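Enquirer: This is a predicted model, with the sequence first.
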Amino acid sequence: MAAALIEAKALSFSWPAGPAIVEVDLAVAAGEMVAVVGPNGAGKSTLLRLLSGYLKPTRGEVRWAGKRLAGYGRRRMAQRLSFVPQYSEVNLPFRVEEMVMLGRYARLGPFRPPGPADRAAVERALLYAGVAALAARPVSQLSGGEFQRAVLARALAQGAEAVFLDEPTAHLDLSHQVQMLAVLRRLNREEGRTVVAALHDLNLAAAFFPRILLLAEGRVVAAGSPDEVFKEGRLAEIYGCRVRVVSAAGRKLIFPEIPNGKE
Amino acid sequence: MRRKIITFTFLIIAAVAISAAAALLGPGLGPAESARALLRLLGGGDLPREAHAILLVRLTRLGAAACVGVALATAGTSLQAVLRNPLADPYILGIAAGGGFGAAVATAAGLGGGVAAFSAINLCAFGGALCAVGVGVVVARAAGILSVHALLLAGVVVGAFFTSLILLILAIVPARDQHAVFLWLMGDLANPDITPAKVAFAAVLVGLCSALLLALARPLDLIALGEETAFHLGLRVERFKVLILACASLATAAVVALAGPIGFVGLVVPHALRRTIGPRHWPLMAAAALGGAALVAAGDTLVRTTADYFEMPIVPVGVFTALIGAPYFLAILRRRRY
C-alpha cells in the first residue's frame, strides 16, 4: 500500500470518566472510503475527532501524509480535511450560499474577499450536494435533510482531499439516507476524495463502503470488507443481541432478531 | 441587497442629521449662530470665548455619545456571536456591575487625584470592569479551553456579586455620596467630569477595538456556526474567543469608565439591524457601529434639549435608552422571523 494519508499509532484517549479510545492503530490510504461502525459509546465520534485534531490524544499520535498533526496550522489542516459534525445547529439565518461560502475560509483567511474560483467552488458544491435550488434560503428554515445536505455542501466547498462525517444519515428518511451516501460515493469514485464516516446503520455501511472498521469499547475489533467484518457471531457478541446476516436482493442485510414475546 | 443599501443610507443620513442636531441645538447659542460658529471653527477662524466654550461642550458630548454607541453596539454584536446567545450584551459578563463597584468605591472612599486626565472614579471603574471579566474568564477556563456556557453563568454570578457590593456601599455611605453613585449607575453623558481629553482617549481605545472586531467579521461568522464547526473550517477557536472577549471588554470598560453603564444599546442595536442587514458580520458590524452611535447621540440630544425646553431636570441618557430599548426589543421578539 502506498504511504497512508491518515495514520494513527497506539492512539489512546481518556475522558475524565474513563478511557474512550484504547491503543488504536490504523491507516487510511488516499482515495479510500471507510465506515466506522460499532455500538453506542464504542468511540466512533471520538475516533474521528482524534484523527481530525479536534481532540488531543492522551497517548499515541496521528499523522497526515506522514506529518504529525501538531505540525499543521489550523487552516492548512482545513485544506486537507473537511468535517461534517453530528450535531450542528445554526441559530442565525445565514442563507445557504453564505454558509457554504464560509467553507472557503481555509483558502481565503479572514480578510481576502472571495474570487471567481471561490464562487465556482461554492456553486459546484451546491449542485453536488443537491441544494442549488435552496441557495437563497435561510438555513434556519431548512428541513433536517436539507440542512444536512447544506452542511455537506459547505464541507465540499472547502475543497479538501478528505471528508469526515459523523453520522451523516442520522435524522434522515430512507430516500435522503441513500441520496446522502450516493453523493459520498460519487465524491469518492469521481473525485478520488477520501471519505471516512461514522455510521450506525450497518446495512448502509455494507452497501456503500468497501472498508469497514468495527469498534467496540474503544478498540478496533475487526477491519476489512463488509463480508469479512459482518459475521453473525461477532455482531451478536458486540451488540449484545442476536443478529442475522443474510444475502438478499444482491446485498448483505444485517438485522437484529426480535423476541416474539411468546417464549 | 436592496434592504442593506436602504438601511445603510438611512443610518448614514440619521448619523449626519443627529450629529448636526447635537452640535446646533441647546441653550446659550441658537441654531443659526451655532452653525455660523461651527463653520468658522472648521475654517480655522477664531470664536468669541463663550461660543467656543458652548460648542466645545456640545461636541465633547457628541463624541462621548458616539464612543459609547460604537463600543456597546460592536461589543454586543460580537459577544452574541461568540457566546452563541441572543441575550448576550456587553454587560452580560459583569462589566457594568464591576465598573459600578469600582466607581462606588472611589466615590465612597472620597478618592481624589487620579492619573493624567483621569479621575479616580474613571480608573476604578475601568479596573473594576476588567476585573469582573477576568474573574469570569479564570472560572470558565479549564485545560486550555474557555467554556462559553461557564463564562455566561460566571458572568451573571459575578455581576450579581458586584451588584450586592454596590448595594452594601450604598447602605453605609452618606446621602450625598449615595446620590453621586446612583447618578453614575444610571449612565449619564451630562456629567461635567467627561472632558475632551477623556473622550479622545476613549475614542482611540474604542476605535482600535471596534475596528478589530469589524476586521474579524468573517471569523465571527464561522464561530456563529458553532465552535466545533469553526474549528474544522480552519479557525483557531480558543485564541479567537480570547481575542474577541478582550476587544469587546476593553471597548465596553472604556465607555463604562467614561459615562457609566448605558443600557440596552448593545442588545437592541444588533438585533434590530440583523433583521434588515442579515446575520453576516461584516455589514452587520459596520451598521451596528453607525446605529449605536446614532442611537446614543440621538437619545442624549433629545434628553438634553427637552430638559432645557421644559426647564426640568435632565433624564440620564442610560435611563432613556433602556426605556425605549426594552419595549422595542420586546416588539422585535414578538415579530421575530428566526
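Expert: The structure has been received and is ready for your questions.

Enquirer: pLDDT at the closest residue to chain A within the stretch 201-338 of chain B, what is it?
Expert: Per CB to the nearest CB, B:G234 is where the stretch 201-338 of chain B lies closest to chain A, at 3.3 Å. No exception for glycine: its C-beta is placed from N, CA and C like everyone else's. Predicted confidence (pLDDT) at B:G234: the value is 96.

Enquirer: B:A14 too?
Expert: Reading off the per-residue confidence, B:A14 sits at a pLDDT of 94.

Enquirer: Contacts only, for B:G127.
Expert: Taking CB atoms under 8 Å, 6 or more residues apart in numbering or on different chains as the criterion, B:G127 is in contact with B:G102.

Enquirer: no, scratch that, I was asking about B:D89
Expert: When contacts are counted by CB under 8 Å, 6+ apart, B:D89 touches B:72, B:76, B:79-80, B:264, B:266-267.

Enquirer: Spell out which parts of the stretch 51-200 of chain B neighbour chain A.
Expert: Among all residues of the stretch 51-200 of chain B, those adjacent to chain A (criterion: CB under 8 Å from any CB of the partner chain) are B:84, B:86.

Enquirer: Show me where the stretch 51-200 of chain B has its helices.
Expert: The residue ranges that make up the helices of the stretch 51-200 of chain B, judged by DSSP state H, counting those that start in this stretch, are B:95-108, B:120-140, B:148-172, B:175-186, B:196-215.

Enquirer: Close to chain B: what parts of the stretch 1-150 of chain A are there?
Expert: Contact residues, the stretch 1-150 of chain A versus chain B (CB under 8 Å from any CB): A:52, A:54, A:74-75, A:77-79, A:81-83, A:85, A:88-95, A:98-99, A:102-103, A:105-106, A:108, A:110-111, A:138, A:140.

Enquirer: mind redoing it with 7 Å?
Expert: A:52, A:54, A:74-75, A:78, A:82-83, A:85, A:88-90, A:92-94, A:98, A:102-103, A:105-106, A:110, A:138, A:140 (CB under 7 Å from any CB of the partner chain).

Enquirer: closest point of chain A to chain B, which residue?
Expert: Minimum separation of chain A from chain B (CB to the nearest CB) falls at A:A78, amounting to 3.3 Å.

Enquirer: ok, so what distance separates that residue from A:R211?
Expert: 25 Å (CB to CB, to the nearest Å).

Enquirer: Give the buried residues for the helix or strand hosting A:Y105.
Expert: Element membership of A:Y105, judged by DSSP states H and E, is helix A:105-108. Using 16 or more other CB atoms under 10 Å in any protein chain shown as the test for burial, helix A:105-108 gives A:105-108.

Enquirer: go on, stretch B:302-317?
Expert: By neighbour count with 16+ other CB under 10 Å, stretch B:302-317 contains the buried residues B:302-305, B:314-317.

Enquirer: just stretch A:117-134 next, same as before
Expert: Of the residues in stretch A:117-134, those buried (16+ other CB under 10 Å) are A:118, A:121-123, A:125-126, A:128-131, A:134.

Enquirer: ok, residues contacting it?
Expert: By CB atoms under 7 Å, 6 or more residues apart in numbering or on different chains, the residues outside stretch A:117-134 that reach it are A:96-97, A:100-101, A:104, A:107-108, A:135, A:142, A:146, A:149-150, A:152-153, A:156-157, A:159, A:179, A:183.

Enquirer: Likewise for stretch B:39-58?
Expert: By CB under 7 Å, 6+ apart, the list of residues contacting stretch B:39-58 from outside reads B:22-23, B:26, B:28-29, B:34, B:37-38, B:196.

Enquirer: let's see 10 Å
Expert: With CB atoms under 10 Å, 6 or more residues apart in numbering or on different chains as the test, stretch B:39-58 has contacts from B:22-29, B:33-34, B:36-38, B:59, B:192, B:194-196, B:301, B:304.

Enquirer: Excluding chain neighbours, what is closest to A:Y72?
Expert: Of all residues not flanking A:Y72 in the chain, A:W64 sits nearest, at 6.7 Å (CB to CB, 6 or more residues apart in numbering or on different chains).

Enquirer: Look up how far B:H149 lies from that neighbour.
Expert: 31 Å.

Enquirer: who has more neighbours, these two?
Expert: Neighbours were tallied for A:W64 and for B:H149 using other CB atoms under 10 Å in any protein chain shown; the higher tally belongs to A:W64 (22 against 11).

Enquirer: For the more buried one, give me the pLDDT.
Expert: A:W64 carries a pLDDT score of 95 in this model.

Enquirer: how far out from the middle of the chain is the helix or strand harbouring A:E228?
Expert: In this structure, A:E228 sits in helix A:226-229 according to DSSP H and E. On the basis of CA atoms, centre = their mean, to the nearest Å, helix A:226-229 is displaced by 19 Å from the centre of the chain it belongs to.

Enquirer: What's the first helix or strand after that helix?
Expert: With DSSP H and E setting the assignment, the helix or strand that follows helix A:226-229 is helix A:232-239.

Enquirer: In that next one, which residues are buried?
Expert: Residues A:234-236, A:238-239 are the ones in helix A:232-239 that count as buried (16+ other CB under 10 Å).

Enquirer: check contacts around the residue nearest to the residue of the stretch 201-338 of chain B closest to chain A when sequence neighbours are not counted.
Expert: Taking CB to CB, 6+ apart, and ignoring the residues beside it in sequence, B:G234 has A:A78 as its nearest neighbour in space, at 3.3 Å. Residues counted as contacts of A:A78 (CB under 10 Å, 6+ apart) are A:52-53, A:72, A:103, A:105-107, A:158-160, B:231-235.

Enquirer: quick one, strands of the chain?
Expert: You didn't say which chain, so I picked chain A. With DSSP state E as the criterion, chain A has strands at A:6-15, A:18-28, A:33-37, A:59-64, A:67-68, A:81-84, A:162-166, A:194-198, A:211-216, A:219-224, A:243-248, A:251-256.

Enquirer: um, chain B though
Expert: In chain B, the segments counted as strands under DSSP E are B:114-115, B:118-119, B:141-142, B:145-146.

Enquirer: tell me what the third one is packed against?
Expert: Applying 3 or more CB pairs under 10 Å, 6 or more residues apart in numbering or on different chains; DSSP states H and E, one finds that strand B:141-142 contacts helix B:148-172, helix B:237-259.

Enquirer: Off-centre distance for it?
Expert: For strand B:141-142, the distance from its own C-alpha centre to the chain's C-alpha centre is 28 Å (CA atoms, centre = their mean).

Enquirer: That strand pairs with which strands, and in what direction?
Expert: Strand B:141-142 pairs in its sheet with strand B:145-146 (antiparallel), by DSSP bridges.

Enquirer: pLDDT on the partner strand, on average?
Expert: Here strand B:145-146 scores 90 as its mean pLDDT.

Enquirer: Just checking: what are the partner strands of the lowest-mean-pLDDT helix or strand in chain B?
Expert: For chain B, counting by mean pLDDT, DSSP states H and E, strand B:114-115 ranks last in confidence among helices and strands (a mean of 73). For strand B:114-115, the paired strands and their directions (DSSP bridges) are strand B:118-119 (antiparallel).

Enquirer: and the nearest residue to A:A3 once chain neighbours are set aside, how many neighbours?
Expert: Distance criterion CB to CB, 6+ apart; nearest residue to A:A3, sequence neighbours excluded, is A:G66 at 6.0 Å. One way to gauge burial is a neighbour count; for A:G66, by other CB under 10 Å, it gives 9.
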